[in-house]
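**Q** Let's see this in three dimensions:
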Amino acid sequence: SDCRWDGDFSVNCSFTGISTVPEDVSQTATTADFTDFSYNNIKTLMGTDGRNEEWMLKHLNLSNNLISELSLATFRNLPVLETLNLNDNAIHTLTLDIPTPAQGSKKYGKGCRLLPALKVLSVERNNLNTVPRG
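**A** Below is the predicted model of the structure:
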């Protein structure tokens with residue numbers, strides 16, 4: 001892909017015209033602090049394509065794309081994500097889809113926290129019908 005990797009902490013894929021997260025970037029982004037996918041043609045996000053590895057990404061910029069529907073469960077493999085920028089998309093539906101542990105499981109009743117480190121969720125200039133509770 002045309003993405004730029006600084007070798008240590010950031011991956012920059014802004015203004016590359018991509019419509020999906022490139023496969024070769026996903027491996028690099030697992031250790032990056034900051035990944036920028038802004039100003040592209042991304043319409044949907046598929047998470048990490050079913051893989052179970054956790055990305056140690058702290059800041060993710062998906063602003064100025066074409067995303068219209070999004071479940072925050074897509075980001076479940078980002079346990080240290082602190083900032084998620086979704087500004088200037090076409091998002092009309094944003095769902096939490098918090099997974100509910102099975103009754104009898106050790107996590108049942110404790111609450112399963114999606115994006116436990118998230119401090120900033122920015123969704124300005126979208127077409128949100130409602131703001132999800134929680």
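**Q** and Leu94, that's in a strand?
**A** Yes: in this structure, Leu94 lies within a strand as judged by DSSP: H, G, I helix; E, B strand; the rest coil.
**Q** where do the strands sit along the chain?
**A** Ranges of strands in the chain, per DSSP state E, are 4-5, 10-12, 34-36, 59-61, 69-71, 83-85, 93-95, 120-122.
**Q** Quick one: list the elements packing against the third one.
**A** Judged by 3 or more Cβ pairs under 8 Å, 6 or more residues apart in numbering; DSSP states H and E, the packing partners of strand 34-36 are strand 10-12, strand 59-61. Any C-beta I mention is one placed from the backbone N, CA and C, and that applies to glycine too.
**Q** Paired strands for that strand, with orientation please.
**A** strand 10-12 (parallel), strand 59-61 (parallel) (DSSP bridges).
**Q** again, but for the fifth one
**A** The sheet places strand 69-71 alongside strand 93-95 (parallel), with pairing taken from DSSP bridges.
**Q** What pLDDT is listed against the closest residue to Val120 other than its chain neighbours?
**A** Spatial nearest neighbour of Val120, chain neighbours left out: Thr83 (4.5 Å); criterion: Cβ to Cβ, 6 or more residues apart in numbering. The score at Thr83 is 95. That number is its pLDDT.
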